[in-house]
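Peer 1: Coordinates for the following, if possible.
(one chain, ligands or ions: 1)
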Amino acid sequence: MVRPPTNLESLTLDDLEIDCHCHVFNARVFPVEAFLRMCLRRWARDELGPAARAIAALIKNARTLTGVREGASLLLRDWQREWVGPAGVDLAPSQGSQGGANHVAAFVGSMLVASDEDVKSELLPPDAAERACTPLMMDLDSALREPPPDAEERWQAQLDNCSRLAAEHAGRAFPFFAAHPARPNLLGRVVDALTRRGFYGVKIYPPLGHEPDDVRLHEVYQWCERHRAPVTVHCSPVGVWSDLNAPTGVDPMRHNVALAQPANWRPVCSKFPQLHVNLAHFGGQWEAETLGRDCPWLDQAVQMLHEFPNCFADVSYHCAPLHANPEVRDAYFRRLRQTIDSPIGDKVLWGTDYIILRTRCRHDEFRSAFAPPSGGLGEDQFRRISNHNPRRFLFLDDPPDRYLHFIRALPPETVPGWLKHAAHPSGPSARR
Ligand SMILES: [Zn+2]
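Peer 2: Numbers count the residues shown, from 1 in each chain. Here you go, the predicted model:
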């Protein structure tokens, strides 16, 4: 049994700091092997490919050993920037925050050994009752040509894990159920998770092999719209993807990654205008933007926020704030602060992408890159994205009945003050 934090009773909604994008995987629930295979394929195609060509060209063209050495150090410098991915994180290994192969290896290693408690305590520190989060499930197995034999067992473990988290951290952990259209009886599963098991919203991950507007998801969107269940959707060119569904002759990676474009949500947001949709990662190209590159996905996300009143976007896995070059950091925060102070500023959500973020850095490193006093955002700006906006996205000022129903069944001493008032408006004696 987890002991409730000491100041739980006095906790108000105003106190909360909500991480709107995180995961609580470890190897018990996450298909580590499939994930690693996807990473390797990505490096082989996108990153090792050009790197191998660059090395071959260097060896062929260099006239002297010194030439090789100089060329190699230039390549190495470029790699530190480029090959860790579009984010361009460029930190010394001693700073513990470099991305790329070593960190994915460290990440996979930590997933293999991490206990549920390790993972949770980084997200929901026992001495910080104000920290809240929305752990997002993932259904990687539904996207694999041949799901591993233990897939069903891991899926159940992932469900149980999130459900237990919701009960043990009432009002602090709001899990999102992963809805993949290939899962049989999908609506039944969503309803069960969101009405009986403490799940709060739904996670959609189009690169796992489907369009956002897939007709098999319409009844899920409709249910979520009617029952005020927020939906978080993966919208970034970086991530995992299915090896299925690509038309003949089309590279499955290119085909599936393209499904994550923010503009693909236009038909869904038009058909279900009351649905709260978080376009996670805000297009995923903020780092490219700071380096002066084109970023059509970011432009699309901004456009969507202007166009649809119930569209949001989170800053999870935005690694520019970790960049060694202060100019990159400054450019990133200039743009983010402008956005937060603009008419779409009430749509920006705080998010980290922990534990996937662990391929780059620890939760606290990421947080302190954004939050005052050390981070790039002011007190008001960080509060806006980590409290005001998430409260609206999650309907927390008037929590949905289905969630309050789940809360009423929990031991009252484990429920934070603000939520107790919402669940029992006239005091404990009025308990239904
Ligand atoms: Zn994520």
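Peer 1: beta partners for residue 202?
Peer 2: As for beta bridges, residue 202 partners with residue 177, residue 231 under DSSP bridges.
Peer 1: Just give me the neighbour total for it.
Peer 2: Taking other C-beta atoms under 10 Å as the criterion, the count of residues near residue 202 is 25. Bear in mind the C-beta positions are built from the backbone N, C-alpha and C, glycine included.
Peer 1: Same check on residue 345?
Peer 2: Other residues lying near residue 345 total 18 when counted by other C-beta under 10 Å.
Peer 1: Kindly report the same for residue 170.
Peer 2: 24.
Peer 1: Next up, the contacts around it.
Peer 2: Contact partners of residue 170, counting by C-beta atoms under 8 Å, 6 or more residues apart in numbering, are 407, 410, 414, 415, 416, 419.
Peer 1: repeat that with 10 Å
Peer 2: 4, 8, 198, 403, 406-407, 410-412, 414-416, 419-420, 423 (C-beta atoms under 10 Å, 6 or more residues apart in numbering).
Peer 1: and if you look at residue 399?
Peer 2: Contacts were defined as C-beta under 10 Å, 6+ apart; by that measure residue 399 touches 171, 174, 200, 228, 406, 407, 418, 419, 422, 423.
Peer 1: Just the buried subset of the contacts of residue 170, written out for PyMOL, thanks.
Peer 2: Here is the PyMOL command that selects the buried residues among the contacts of residue 170 (16 or more other C-beta atoms under 10 Å):
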select buried, resi 4+8+198+403+406+407+410+414+415+416+419+420+423
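Peer 1: Grab the two from the contacts of residue 170 that are most spread out in space.
Peer 2: Of all pairs drawn from those, the one with the longest distance (C-beta to C-beta) is 4 and 403, at 18.3 Å.
Peer 1: Which pLDDT value goes with the nearest residue to residue 362 once chain neighbours are set aside?
Peer 2: In space, and not counting its chain neighbours, residue 362 is closest to residue 122: 7.1 Å by C-beta to C-beta, 6 or more residues apart in numbering. Model confidence at residue 122, given as pLDDT, is 86.
Peer 1: Over to residue 369?
Peer 2: Residue 369 is assigned 94 on the pLDDT scale.
Peer 1: Quick one: list the elements packing against the host helix or strand of it.
Peer 2: In this structure, residue 369 sits in helix 363-370 according to DSSP states H and E. Applying 3 or more C-beta pairs under 10 Å, 6 or more residues apart in numbering; DSSP states H and E, one finds that helix 363-370 makes contact with strand 17-22, helix 116-123, strand 131-135, helix 326-340, helix 379-383.
Peer 1: and residue 239, which of the ones you listed is closest to it?
Peer 2: The stretch from the helices and strands packed on helix 363-370 with the least distance to residue 239 (C-beta to C-beta) is strand 17-22; that distance is 12.0 Å.
Peer 1: and the angle for the closest one with strand 131-135?
Peer 2: Here strand 17-22 runs at 20 degrees with respect to strand 131-135, directions being taken by axes from the mean of the first three to the mean of the last three C-alpha atoms, to 10 degrees.
Peer 1: could you give the angle of strand 17-22 to helix 363-370?
Peer 2: Relative orientation of strand 17-22 with respect to helix 363-370: 110 degrees, computed using the same axes, to 10 degrees.
Peer 1: Run through the strands of the chain in chain order.
Peer 2: Remark: strands of the chain, listed N- to C-terminal, are 17-22, 131-135, 176-178, 201-204, 231-234, 277-280, 311-314, 348-349; assignment by DSSP state E.
Peer 1: quick one: contacts for residue 214?
Peer 2: Contacts here follow C-beta under 10 Å, 6+ apart; on that basis residue 214 touches 180, 181, 182, 204, 206, 220, 221, 259, 268.
Peer 1: would you list the strands of the chain in JSON lines and tack on distance to residue 293?
Peer 2: JSON lines is the format used below for the strands of the chain (distance: least, C-beta to C-beta, whole Å):
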{"stretch": "strand 17-22", "distance to residue 293": "23"}
{"stretch": "strand 131-135", "distance to residue 293": "30"}
{"stretch": "strand 176-178", "distance to residue 293": "31"}
{"stretch": "strand 201-204", "distance to residue 293": "27"}
{"stretch": "strand 231-234", "distance to residue 293": "21"}
{"stretch": "strand 277-280", "distance to residue 293": "20"}
{"stretch": "strand 311-314", "distance to residue 293": "19"}
{"stretch": "strand 348-349", "distance to residue 293": "21"}
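Peer 1: Cool, thanks, talk later.
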